[in-house]
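# Requesting a structural model of the entry that follows:
(one chain, ligands or ions: 2)
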Amino acid sequence: MRAAVIEGPGKVTVREVPEPEPAPDEVVIEVDSAGVCGTDLHLLRGELPYPYPITPGHEVVGTVVKVGRDVSSIEPGSRVTFDPNIPCGKCYFCRRMRFNHCLDWQGIGITREGGFAERVAVPGKVVYPVGDMPFERAVFAEPLACVVYGVLRADPKPGDRVLLFGAGPIGLLLLQVLKVAGATSVTVVEVREERLRLAEELGAERTVRAGHEEALREAPFGYDIVVDATGVPEVVSRCADFVTPGGKVLLFGVCPEGATVRLSPFQIYRRDITILGSFALNYTMDRALELLSSGSVRVEPLISHRFPLERFPEALELVGSDEPSLKVLVRP
Ligand SMILES: [Zn+2]
Ligand SMILES: [Zn+2]
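Ligands and ions are numbered 1, 2, ... in the order given. Coordinates of the predicted model:
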């Protein structure tokens with residue numbers, strides 16, 4: 001079959017690979033679509049400590065075509081997605097239910113073959129049926145599950161006023177989940193005009209063009225929750241300036257490893273500020289699928305491009321460039 005392969009840092013091809021056969025506890029999924037994400041770029045750039053060659057692709061939907069003999073709960077023909085994270089279940093962190101910090105973790109499309117391919121084999125235990133949901137909606141389950149995990153950590157309350165930096169695909173998901181979870185108003189700051197318009201369409205009470213943050217000072221005492229979805233250290237360093245006494249800052253965007261920011265420990269102390277991180281997801285796929293199937297979170301407007309598998313290198317280049325794009329899907 002055909003698959004995209006990252007052969008080593010900076011080198012990506014689309015070529016013939018062996019047909020996947022399911023192990024006794026696995027199923028094989030015929031891929032309909034797979035979403036491109038920042039992690040795929042980190043793999044290409046050699047920034048993750050995992051061996052090559054690897055077929056990336058961890059945001060995947062498709063139809064089950066083969067079922068291993070020990071898998072009883074999934075039938076061929078089922079429309080599914082999967083949680084790409086395979087925790088060991090036995091280590092220190094797994095035993096404390098912090099599965100996203102598993103010490104013996106495997107990731108589909110990261111440490112083992114993923115879904116930018118015609119077919120992919122995955123353990124039955126990480127598969128989630130999507131019913132009759134359109135595939136182009138269900139393909140957002142994994143990134144949305146990461147967002148749900150972050151929002152559960154930030155824990156917005158009725159009446160909360162939220163400030164969100166960044167309206168890329170993840171920022172636009174955060175905006176919607178924050179509101180479903182109870183935030184009463186969300187103000188979005190973003191560089192690109194067309195993304196601000198989309199944020200308004202998806203429920204932002206207020207949008208502010210980046211660089212015009214003086215408008216944000218009008219809020220009387222700052223925001224209850226400030227969220228960074230840019231991963232830009234200069235933006236992160238200013239988040240605490242906008243948070244209200246007793247409020248929280250959620251760092252969701254991925255800053256470059258090794259980046260540092262200046263923070264005032266006195267202000268953190270004096271203003272009772274809580275700073276939260278959020279890494280990957282922790283059994284939040286089911287909640288994400290509920291948000292998608294109910295229509296509480298709208299994702300179709302976030303799809304900007306669709307590429308056939310053979311043009312995967314181009315799709316990856318687009319996501320890594322300054323060209324305007326939101327979610328880029330690859331379809332074998
Ligand atoms: Zn991802
Ligand atoms: Zn573990």
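# which residues touch whatever residue of the stretch 201-332 of the chain ends up closest to ligand 1?
In the stretch 201-332 of the chain, the residue that lies nearest ligand 1 is Ala280 (8.7 Å; C-beta to the ion). All C-beta atoms are positioned from the backbone trio N, CA, C, and that covers glycine. If a contact means C-beta atoms under 8 Å, 6 or more residues apart in numbering, then Ala280 has Asn85, Asn100, Cys146, Tyr149 as its contacts.
# try 6 Å this time
Applying C-beta atoms under 6 Å, 6 or more residues apart in numbering to Ala280 gives the contacts Asn100, Cys146.
# how many other residues sit next to Pro24?
By other C-beta atoms under 10 Å, the residues close to Pro24 number 10.
# can you check Glu290 too?
Using other C-beta under 10 Å as the criterion, the residues surrounding Glu290 number 12.
# Over to Val330?
29.
# so what's it up against?
With C-beta under 6 Å, 6+ apart, Val330 has these contacts: Ala34, Phe116, Phe307, Leu309, Phe312, Ala315.
# how close does the residue of the stretch 201-332 of the chain closest to ligand 1 sit to Arg69?
31 Å (C-beta to C-beta, to the nearest Å).
# Where does the prediction get shaky in the stretch 201-332 of the chain?
Within the stretch 201-332 of the chain, the stretches with pLDDT under 70 are 218-219.
# which residues of it fall in helices?
Using DSSP state H, counting those that start in this stretch, the helices of the stretch 201-332 of the chain run over 233-239, 265-270, 285-294, 312-320.
# what's next to the third one, contact-wise?
In other words, helix 285-294. Residues contacting helix 285-294 (C-beta under 6 Å, 6+ apart): Asp83, Tyr128, Met133, Arg137, Ala141, Leu144, Ala145, Val148, Val297.
# Please apply the same query to stretch 55-71.
3-5, 22-35, 40, 43, 74, 76, 78-81, 84, 108-109, 113-117, 124, 135, 138-139, 142.
# Provide a PyMOL selection command restricted to the buried entries of the residues you listed.
Buried members of those, defined by 16 or more other C-beta atoms under 10 Å, are picked up in PyMOL with:
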select buried, resi 3+4+5+22+26+27+28+29+30+31+32+33+34+35+40+43+74+78+79+80+81+84+108+109+113+114+115+116+117+124+135+138+139+142
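# just checking, which of the contacts of stretch 55-71 belong to helices?
Mapping these onto helices (DSSP state H) picks out Asp40, Leu43, Phe135, Ala138, Glu142.
# Would you mind measuring from the residue of the stretch 201-332 of the chain found nearest ligand 2 to Val249?
Nearest to ligand 2 in the stretch 201-332 of the chain, going by C-beta to the ion, is Asn282, at a distance of 11.8 Å. For Asn282, the distance to Val249 equals 20 Å [C-beta to C-beta].
# again with Cys88
Counting by C-beta to C-beta - Cys88 and Val249 are separated by 32 Å.
# what about these two, which has more around it?
Val249 (23 against 14).
# For that one, which residues are in contact?
Val249 neighbours (C-beta under 6 Å, 6+ apart): Val226, Cys239, Ala240, Val243, Ile275.
# wait, the first one sits on Asp241?
Meaning Val226. No. Shown here, Val226 and Asp241 do not form a contact pair, counting by C-beta atoms under 6 Å, at 8.7 Å.
# who's more crowded, those two?
Val226 (30 against 13).
# Contacts only, for the more buried one.
Leu163, Cys239, Phe242, Val243, Val249.
# Quick check: residues of the stretch 1-150 of the chain near ligand 2?
Residues of the stretch 1-150 of the chain lying near ligand 2 by C-beta under 5 Å from the ion: Pro87, Cys88, Cys91, Cys94, Cys102.
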